[in-house]
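Engineer: Test case, fold it:
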Amino acid sequence: MIDDKILISIYAFLITFLIKSIFEVIQFFFNNKKNHDNKDIAVLRTEIEYIKKEISEIKNELKRIR
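Structural biologist: Okay, here's the model as predicted:
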């Protein structure tokens, strides 16, 4: 079985990656806000929902480890 500290490190890395992804989505949105159409906004919303889902799954997994 994998040690809990290793799992926590892996999840910390994943959380860091997801936070970076959130900032990239926000940066993309604000850098290009003059050129957005409904399709771009829908894609961004989908990405944000996916990121929220991943963060929630990681939180649940960390609670399970504790």
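Engineer: so where do the helices sit in this protein?
Structural biologist: For the chain, applying DSSP state H gives helices covering 4-31, 38-65.
Engineer: export those to JSON lines and tack on mean pLDDT and mean neighbour count?
Structural biologist: Every C-beta, even on glycine, is put in place using the N, C-alpha and C of the backbone. Conversion of the helices of the chain to JSON lines gives the following (pLDDT from 0 to 100; neighbours: other Cβ atoms under 10 Å):
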{"stretch": "helix 4-31", "mean pLDDT": "80", "mean neighbour count": "12"}
{"stretch": "helix 38-65", "mean pLDDT": "79", "mean neighbour count": "12"}
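Engineer: And the pLDDT at K34?
Structural biologist: For K34, the model assigns a pLDDT of 62.
Engineer: ditto for R66
Structural biologist: Looking at R66, the pLDDT reads 65.
Engineer: Make 193 the starting number, not 1.
Structural biologist: With the count now opening at 193, the last piece we talked about shows up as R258.
Engineer: ok, I243 to K197 distance?
Structural biologist: 25 Å (Cβ to Cβ, to the nearest Å).
Engineer: And for E249?
Structural biologist: Counting by Cβ to Cβ - E249 and K197 are separated by 20 Å.
Engineer: now I218
Structural biologist: I218 is 32 Å from K197, where distance means Cβ to Cβ.
Engineer: Same question for E246.
Structural biologist: On the measure of Cβ to Cβ, E246 and K197 end up 22 Å apart.
Engineer: With E216 instead?
Structural biologist: Counting by Cβ to Cβ, the gap from E216 to K197 is 29 Å.
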